[in-house]
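S.K.: Provided below for reference: sequence and predicted model.
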Amino acid sequence: MRRSPTAIGFYQGNPDDLKKSIKQYIPDIPKHENALGVVVPHAGYIYSGRTAGCVYAALPHADTYVILGPNHTGMGSQVAVSTDVWNTPLGDVHVDQDFVSMLPGNVIDYDEIAHQREHSIEVQLPFLQYTQKDFKIVPICISNQYEETALGIGEEIVEAAQKSSKRVIIIASSDFTHYQPADIAHKKDTPVINAILDFDIHKMYSILYELNATVCGYGAIAAMLYAAKKLGASTSELLDYSTSGDATGDNSSVVGYAGIIVE
């Protein structure tokens, strides 16, 4: 069982306190019933909870949520799927073993080491547990985020989703520009977000390199966009954009957060 090693510093360890924390971030907005994919941040809830909450409030139920996150630690396989049970203060979350078994395995490896100390996927789980019932996950941690690899990950997800009889939604876990003044972060993040909204993966990569935009989960975003489009997504919406400065009042060095949904 994978327990929640990153709970301290990202979200509360007490179940009741955690539920209260999440509740304050969930707005009363309609579900996007046709959603196929989302982009959601993975910072501490006090910083990115508002933006994450907008995404999870709009997220409809799925049988399986494929959660793609960057590997910040560099441990383990370059593209790693976990098959372990994941535990949070709100209980256990099980992996969809059938879906995992349908992944071709050309790019994605079975590996638990990559997930052991990584927070980008884990921090999504309490939001899912609070807003959804009866679901499973497919957690995929990515350190090799080159465009070709991301497209390969997306293709594997498409192949498995097309074989599966279950409803699948893909969650790309990513923060945006890191440790820049708020106005600079916004200027860098805006063209990246626009490329995402246009489903233009190659343009997104070009902008990232051109602007040196430190979007940590760009490969996860690219894989989600590729798979969602192949599965029928044609529209997109920016649900929310914020920075850590909105929470702290300090705009001198912020991290950007975008909540995006595609359907």
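M.R.: Thanks, I have the structure now.

S.K.: residue contacts, the nearest residue to residue 127 once chain neighbours are set aside?
M.R.: Among residues not flanking residue 127 along the chain, residue 56 sits closest, at 4.5 Å (C-beta to C-beta, 6 or more residues apart in numbering). C-beta here means a position set from N, CA and C on the backbone, and glycine is covered the same way. Contact analysis of residue 56 by C-beta atoms under 8 Å, 6 or more residues apart in numbering lists 26, 40, 127, 128, 130, 131.

S.K.: Among the residues you listed, which are located in strands?
M.R.: In strands, judged by DSSP state E, the following of these are found: residue 40.

S.K.: Pick the one among the contacts of residue 56 closest to residue 158.
M.R.: residue 40 (20.5 Å; C-beta to C-beta).

S.K.: can you pull the contacts of that closest one?
M.R.: So residue 40 contacts 51, 52, 55, 56, 124, 127, 171, 172, 173, 174, 259 (C-beta under 8 Å, 6+ apart).

S.K.: What's the per-residue pLDDT of the fourth one here?
M.R.: Spelled out, it's residue 56. What the model reports for residue 56 is a pLDDT of 99.

S.K.: Help me confirm that it is found in a strand?
M.R.: No - under DSSP: H, G, I helix; E, B strand; the rest coil, residue 56 sits outside any strand and is assigned helix.

S.K.: For it, give its distance to residue 186.
M.R.: In this view, residue 56 and residue 186 are 23 Å apart by C-beta to C-beta, to the nearest Å.

S.K.: next one: residue 147
M.R.: Residue 147 is 25 Å from residue 186, by C-beta to C-beta.
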